[in-house]
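Asker: Make a model of this:
(one chain, ligands or ions: 1)
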Amino acid sequence: MNGPARVALIGANGHGLHHRRNLTRLAAQGVVEPVALCDVRPVEEPGDVPVFTDHRALLAETRPDVVIVCTPPHTHLEIALDAVAAGADLLLEKPPVSSLVEHDVLLAALDEHGRAGQVGFQALGSAALPDLVAAARHAAPASVGVAAFGSWWRPDSYWRRSPWAGRRRIDGRFVADGALANPFAHAVMQSLAVAEAGLGWPAGPVTVELEWYRTRDIEVEDTACLRLTDRAGTTVLVAVTLCAVPFVRGEIHAGGAVLEYPTDRLRSPGAADFRPPAGRVDLLENLIAHRATGVPLVAPLARTRPLTALLEVLAAAPAPAAIPAGFLVPHPDGDGLALAGVDTTLRTVVETGALPSELDIPWAVPPYRTVLDLRQKESSDA
Ligand SMILES: NC(=O)c1ccc[n+]([C@@H]2O[C@H](COP(=O)([O-])OP(=O)(O)OC[C@H]3O[C@@H](n4cnc5c(N)ncnc54)[C@H](O)[C@@H]3O)[C@@H](O)[C@H]2O)c1
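Answerer: Residues are numbered from 1 along each chain as shown. Sure thing, here's the model as predicted:
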């Protein structure tokens, strides 16, 4: 493969601006040649590449080597399939697809056309992740194998940021804009990856227990606790909120170590402090290196299958429970109400393994329960 990879970006506004900055950086290094942008809305400061409003016209006219898909989640599959059929490798934003059927269709298309599919889980490129996996591997068995915690704030305006904000379904398709599927999707994906690589988890099918809540007039959850327990009794626990006053970054706990998101700082077992971030493998650079040398992808589509299986659970679950107004307090920054004490409650969840309803939290309701098989299917997309 000679010369820079010719890269097109579909979905050029929003998070697409981040990809455009990355393309500019890599173009300066001669790694990529940005060839086109596409967006159905006017593109902010497009620069001097051609801009399309129809991704099919872009594919037909520019024949890119690599396509970045950064459109709303419910539009991913159609665009990704068209890009792969046009001969492009993919960097597909997370969450990649909304069902296992879609996952398998896309995987089959990648196989059929001999293309690579990288998913935008940049936290999987953390240089500290192998140390967290090693900590999980060498720790004494514990009932909570991996736990993720995050205490964030999103004001009311966040839930109006785009047409799919706060939505669970659009045109009958699962959109997944809640805390688990969007802002904390990286924490969920990392937890699953650490559990799989560090603990050989799951042993057999997994019992899923989901408590999810909303403090606003939205279709999705802004607070969630997810407990996944395998046949051996080992759990992966996720406890996250977007409506807390005290801010705590994302934390993935395993084997006494903690990896912080998005800083990528690691605190080793027994250590008092986090060590400085060790950096990340950039997903686009990794995809381009994969094309050139066959170096493994950091976040191949197949690796994300357990996350998509969980999205199916979220799609099937009853709607998130509304938290009564009496538990809400004005956030000091304004523009919305916060859930009083939710940071402490979720901290207790990850420390004890008990869900809010089991801790007698007054706003909590019993979990939705189901069983699913999270184990990976064989695939060749890596
Ligand atoms: N990896 C990360 O950390 C990260 C962060 C933010 C968002 N994301 C993901 O990036 C994707 C986009 O999110 P966003 O927040 O930028 O959404 P957004 O709605 O703000 O922007 C999406 C853009 O895609 C455009 N678009 C919609 N349909 C299109 C189509 N058919 N063809 C071309 N353009 C189309 C929209 O006009 C919009 O400009 C989502 O999958 C989201 O989950 C990932």
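
Asker: What is the burial count for residue 134?
Answerer: By other CB atoms under 10 Å, 17 other residues sit near residue 134. For every residue, glycine as well, the C-beta is placed using N, CA and C.

Asker: ok, now how distant is it from residue 257?
Answerer: 8 Å (CB to CB, to the nearest Å).

Asker: Please identify the residues of the chain in proximity to the ligand?
Answerer: With CB under 6 Å from any ligand atom as the criterion, the chain comes near the ligand at residues 10-11, 13-16, 38-41, 55, 70-73, 75, 93-94, 120, 122, 162, 182.

Asker: Quick one: buried ones out of the residues you listed?
Answerer: 10-11, 13-14, 16, 38-39, 55, 70-73, 75, 93-94, 120, 122, 182 (16 or more other CB atoms under 10 Å).

Asker: In the stretch 101-250 of the chain, what residue spans correspond to strands?
Answerer: In the stretch 101-250 of the chain, the strands defined using DSSP state E, counting those that start in this stretch lie at 117-119, 144-153, 169-170, 173-174, 206-214, 223-229, 235-241, 243-254.

Asker: Run the chain-centre distance for the first one.
Answerer: With CA atoms, centre = their mean, to the nearest Å as the basis, strand 117-119 stands 12 Å off its chain's centre.

Asker: Okay, now the sheet partners of the least confident helix or strand in the chain by mean pLDDT, with direction.
Answerer: One helix or strand of the chain scores below all others by mean pLDDT, DSSP states H and E: strand 173-174, with a mean of 88. Strand pairing for strand 173-174, using DSSP bridges, gives strand 169-170 (antiparallel).

Asker: Now do the partner strand: everything it contacts.
Answerer: 72, 74, 163-164, 175, 219 (CB atoms under 8 Å, 6 or more residues apart in numbering).

Asker: Can you flag which of those residues belong to helices?
Answerer: The helices, defined by DSSP state H, take in nothing from the contacts of strand 169-170.

Asker: among the residues you listed, which one has the lowest pLDDT?
Answerer: Among the contacts of strand 169-170, residue 175 carries the weakest pLDDT, at 89.

Asker: residues in contact with that one?
Answerer: Residue 175 touches 72-74, 98, 164, 167-169, counting by CB under 8 Å, 6+ apart.

Asker: Let me see the confidence value for the closest residue to residue 373 other than its chain neighbours.
Answerer: The shortest distance from residue 373 to any non-neighbouring residue, by CB to CB, 6 or more residues apart in numbering, is to residue 205 (5.0 Å). Among the per-residue scores, residue 205 shows a pLDDT of 95.

Asker: Residue 205 - how many residues pack around it?
Answerer: 13.

Asker: list the contacts for the residue in the chain that the ligand sits nearest to?
Answerer: At 2.4 Å from the ligand, residue 14 is the closest residue in the chain, using CB to the nearest ligand atom. Shown in contact with residue 14 (CB under 8 Å, 6+ apart): 70, 162.

Asker: again with residue 206
Answerer: By CB under 8 Å, 6+ apart, the neighbours of residue 206 are 228-230, 371-374.

Asker: which of those has the most neighbours?
Answerer: Top of these by neighbour count (other CB under 10 Å): residue 228, with 27 neighbours.

Asker: And the helices in the protein?
Answerer: Using DSSP H, helices in the chain cover 16-28, 55-62, 76-85, 100-113, 129-138, 185-199, 283-293, 305-316, 342-352.

Asker: Output the contacting helices and strands for the fifth one.
Answerer: Applying 3 or more CB pairs under 8 Å, 6 or more residues apart in numbering; DSSP states H and E, we find helix 129-138 packed against helix 185-199, strand 243-254, strand 257-261.

Asker: Any buried residues in that helix, and which?
Answerer: For helix 129-138, using 16+ other CB under 10 Å, the buried residues are 129, 131-136.

Asker: cool, and the longest one?
Answerer: By 16+ other CB under 10 Å, the buried positions in helix 185-199 come out as 185-199.

Asker: Based on its surroundings, how many neighbours for residue 95?
Answerer: 26.

Asker: so what's it up against?
Answerer: For residue 95, counting by CB under 8 Å, 6+ apart, the contacting residues are 73, 176, 181-182, 185, 304, 307-308, 311.

Asker: if I look at it, how far off is residue 341?
Answerer: For residue 95, the distance to residue 341 - CB to CB - is 30 Å.

Asker: go on, residue 66?
Answerer: Applying CB to CB to residue 66 and residue 341 gives a distance of 46 Å.

Asker: quick one, which of the two is more surrounded?
Answerer: residue 66 (23 against 15).

Asker: That one touches residue 4, doesn't it?
Answerer: No. Contact criterion CB atoms under 8 Å: residue 66 and residue 4 do not qualify, at 10.2 Å.
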